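Novice: Got a sequence here, can you model it:
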Amino acid sequence: MSHGYLAIVLHAHLPFVRHPEHEEFLEEDWLFEAITETYVPLVDVFNGLRRDGVDFRVTMSITPTLCEMLSDPLLCARYLRRLDGLINLAEKEVKRTKKDRAFHEAACMYLDRFRRARQVYLDEAGGNLLKAFKTLQDAGNLEIITCPATHAFLPNIATPQGVRAQLKIAVANYKKHFGVKPRGIWLAECAYFEGLEQYLSEVGIKHFFLDSHGILHGSPRPKYGAYAPVYCPNGVAAFCRDIESSRQVWSSQEGYPGDSDYREFYRDLGFDGHYDYIKPFLHGDGVRRNIGIKYHRITGDVELRHKEPYSPSRAREKAAMHAGNFVFNRQHQVKFLHGELGKKPLIISPYDAELFGHWWYEGPDFLNFLFRKIAFDQKDMAVTTPSEYLNKHRKNQVVQPVFSSWGDKGYAEVWLNATNDWIYRHLHHAEEKMLTLARRLTKPAPLVRRALNQAARELVLAQASDWAFIMTTGTMVSYAEKRTREHIFNFLRLSDEIEGNRIDRHWLAWIESKDNIFSEINYRVFAR
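Specialist: Residues are numbered from 1 along each chain as shown. Down below sits the predicted model:
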């Protein structure tokens, strides 16, 4: 008999970035890097656990924007081209470093990893990673949950129907890709406002996640703190993040990814290599960029140019050690809480999926060791998913959560401040206009319907929380501002052409092919 439960929750999200008008585009690299370093390794690890008979559970949100990119033929073809280039470069690196003992081990590792990534992507996933994740869900090892359609920060949506539209589009997209409706949702940025559970219930969502203060400050105060889900007054369940287990991974001071033996993210062959040598593997503009081959370890608190060589075998051993430490700490945590609470605690440990592999290169190895150690080396805790837990524990306290997010300072400042507040008057104006069009035009002609559906796409793309977040952090600001302006402009032009009965067929066709997200969208989700 275990003393408690552990739920690992991975939030997989990238904003919709697709530029068919360019042969190659820097921001599309966000997706390609995440596929190679995070999504493919996760599929490989999970499939390996299944083959070895390891009984594991993972909860994973795959956002609608990410689903659309992972299944897009253009982006899939571009990814394979990118991966083939990496394999070509890695082959050259193995030869180049043959007599360099400091870097040869890493060079061989990269060649093996890239070749394995191609094999998993094509042979095990059939060129569509969503199929691989769906297989894991069908097997009972993975619970896939959804997210607002374009990862919108829902408290900043202007109208109730705008919130409903983000949720309805998400549910329809999930059903398109996975064949069933989602039971759970990861609220973008864990952003919650009082009453949101009513909108979730309307679309069939049974549970969602909050940062700890969203429940701990609720009314009444939760009897079991952060260690049991609560029901909102309408019966939708809310789970909250465990601070202790999160800190062990996220903290820049205490977190595992900062260990000196792990790979240094900010030293890359794209900047370290001789320019003429790496130029064929850069974009056509020839500007240096991260390629994905990194030969140095974190080393410690020293300048980037003084980093020591990276040893994959040494880093893998450290990942196993840290997995053991994580399990040890969770064992003691659940035993202590079980004694204090008088019931089995539930530890919710949520992380951005891209942390595992992209930012923390050894992250997938850590998860592999973690689930094996939990399965075979201890009996104090069991892994679970939210739906599985609720099926076993149907009686939970009723609590009204409070406004919260998991952003800096815990509320909305990251997504509403002096760097980005200018966007909301435009977003809210467009939202009101979309609602008016959706209510007024109930039986449009086919061409008008196409324009209305595209207007809905442009609006939700502009509402993505990513653009406001990037403006706050100060990285890639020009791209975030450009994307916001472009989608608002496209929406306003479409709405003007619809109202004036003068739709430009050629321009509409171009915008449909460029911003082709959510082929199943129905603009009527914005109607009352």
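Novice: neighbouring contacts of the lowest-mean-pLDDT helix or strand in the chain?
Specialist: In the chain, no helix or strand scores lower on mean pLDDT, DSSP states H and E than helix 243-250, which sits at a mean of 90. Outside helix 243-250, the residues within contact range by C-beta atoms under 8 Å, 6 or more residues apart in numbering are 6, 212, 226, 254-257, 326, 329-330, 333, 347, 349-351, 355. To be clear about C-beta, it is placed using only N, CA and C from the backbone, and glycine gets the same treatment.
Novice: May I see the buried residues of that helix?
Specialist: Within helix 243-250, the residues that count as buried by 16 or more other C-beta atoms under 10 Å are S245, S246, Q248, V249, W250.
Novice: Among these, which one sits closest to L14?
Specialist: For these, the residue nearest L14 by C-beta to C-beta is W250; the value is 19.2 Å.
Novice: What separation do you get for the closest one and M60?
Specialist: Look at W250 and M60: by C-beta to C-beta, to the nearest Å, they are 18 Å apart.
Novice: And P73, by the same measure?
Specialist: Look at P73 and M60: by C-beta to C-beta, they are 24 Å apart.
Novice: Could you list the domains of this protein?
Specialist: Per automatic domain parsing, the domain ranges recorded for the chain read 4-146+182-266+317-409, 417-526.
Novice: is it possible to export those domains to TSV including distance to E308?
Specialist: Output for these, formatted as TSV (distance: least, C-beta to C-beta, whole Å):
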stretch	distance to E308
domain 4-146+182-266+317-409	8
domain 417-526	27
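Novice: Between these, which one is closest to D285.
Specialist: domain 4-146+182-266+317-409 (8.9 Å).
Novice: distance between that closest one and the chain's centre?
Specialist: Offset of domain 4-146+182-266+317-409 from its chain centre (C-alpha atoms, centre = their mean, to the nearest Å): 8 Å.
Novice: end-to-end on it?
Specialist: End-to-end distance of domain 4-146+182-266+317-409 (C-alpha to C-alpha, to the nearest Å): 30 Å.
Novice: Then stretch 472-482?
Specialist: Using C-alpha to C-alpha, one end of stretch 472-482 lies 15 Å from the other.
Novice: neighbours of N329, just the number please.
Specialist: For N329, the neighbour count with other C-beta atoms under 10 Å is 13.
Novice: Begin at 578 from now on, thanks
Specialist: New numbering, starting at 578: the last item is N906.
Novice: From F786, how far out is the spatially closest residue to it that is not a sequence neighbour?
Specialist: Spatial nearest neighbour of N906, excluding adjacent residues (C-beta to C-beta, 6 or more residues apart in numbering): Q825 at 6.7 Å. Applying C-beta to C-beta, the value for Q825 to F786 is 18 Å.
Novice: Sort out for me which of the contacts of helix 820-827 are in strands.
Specialist: L583, I924, S926, P927, Y928 (DSSP state E).
Novice: of all the residues you listed, which comes closest to P963?
Specialist: Of these, the one sitting nearest to P963 (C-beta to C-beta) turns out to be P927, at 10.9 Å.
Novice: pretty sure the closest one contacts F786?
Specialist: Yes: the criterion here is C-beta atoms under 8 Å, and P927 meets it with F786 at 6.3 Å.
Novice: what sits in contact with each of those two?
Specialist: In contact with both P927 and F786: V586, R818, using C-beta under 8 Å, 6+ apart.
Novice: picking that back up, relative to I734, which of the domains of the chain is closest?
Specialist: Once the domains of the chain are compared by C-beta to C-beta, domain 994-1103 is nearest, at 6.9 Å.
Novice: Let me see the mean pLDDT of that closest one.
Specialist: For domain 994-1103, the mean per-residue pLDDT is 98.
Novice: How about stretch 942-958?
Specialist: Mean predicted confidence for stretch 942-958 is 97.
Novice: With neighbour numbers in mind, choose between P650 and M637.
Specialist: Taking neighbours as other C-beta under 10 Å, P650 and M637 compare with M637 leading, 21 against 9.
Novice: need the contact list for the more buried one.
Specialist: V586, L587, H588, A589, F710, L719, E720, I721, I722, A930.
Novice: what's across from it in the sheet?
Specialist: With DSSP bridges applied, M637 shows beta-bridge pairing to L587, I721.
Novice: per-residue confidence at it?
Specialist: 98.
Novice: swap in S829?
Specialist: Note on S829: pLDDT of 66.
Novice: just the one 3 residues further on next, same as before
Specialist: We have a pLDDT of 91 for G832.
Novice: Give me the distance between it and P941.
Specialist: The spacing between G832 and P941, counted by C-beta to C-beta, is 16 Å.
Novice: Looking at these two, which is more packed in?
Specialist: More neighbours surround P941 than the other of G832 and P941, with 21 against 16 (other C-beta under 10 Å).
Novice: tell me which element that one is part of?
Specialist: P941 is part of helix 940-953, with elements assigned from DSSP states H and E.
Novice: tell me the angle that helix makes with strand 923-929.
Specialist: Interaxial angle, helix 940-953 versus strand 923-929 (axes from the mean of the first three to the mean of the last three C-alpha atoms, to 10 degrees): 160 degrees.
Novice: returning to that earlier point: just the buried residues of helix 820-827 now: which is nearest V1054?
Specialist: Nearest to V1054 among the buried residues of helix 820-827, counting by C-beta to C-beta, is W827 at 24.5 Å.
Novice: now that closest one: how far from P927?
Specialist: The gap separating W827 from P927 is 10 Å, by C-beta to C-beta.
Novice: And the lengthiest helix in the chain, what's buried?
Specialist: Looking across the chain with DSSP state H, the single longest helix is helix 889-918. By 16+ other C-beta under 10 Å, the buried positions in helix 889-918 come out as 889, 892-893, 895-897, 899-900, 903-904, 907-908, 910-912, 914-915.
Novice: Who are the contact partners of R891?
Specialist: Applying C-beta under 8 Å, 6+ apart, one finds that R891 lies in contact with D838.
Novice: what's around the residue lying closest to T615 once chain neighbours are set aside, how many residues?
Specialist: What sits nearest to T615 in space, not counting adjacent residues and going by C-beta to C-beta, 6+ apart, is G934, at 3.9 Å. Neighbourhood size, G934 [other C-beta under 10 Å]: 25.
Novice: Report whether the expected contact of G934 with L944 is present.
Specialist: No: applying C-beta under 8 Å, one finds G934 not in contact with L944, separated by 9.4 Å.
Novice: still on that earlier bit, closest one of the ones in strands among the contacts of helix 820-827 to G772?
Specialist: Taking C-beta to C-beta as the measure, G772 lies nearest P927 of the ones in strands among the contacts of helix 820-827, at 23.1 Å.
Novice: Which pLDDT does the model give the nearest residue to the closest one once chain neighbours are set aside?
Specialist: Spatial nearest neighbour of P927, excluding adjacent residues (C-beta to C-beta, 6+ apart): V586 at 3.9 Å. For V586, the model assigns a pLDDT of 98.
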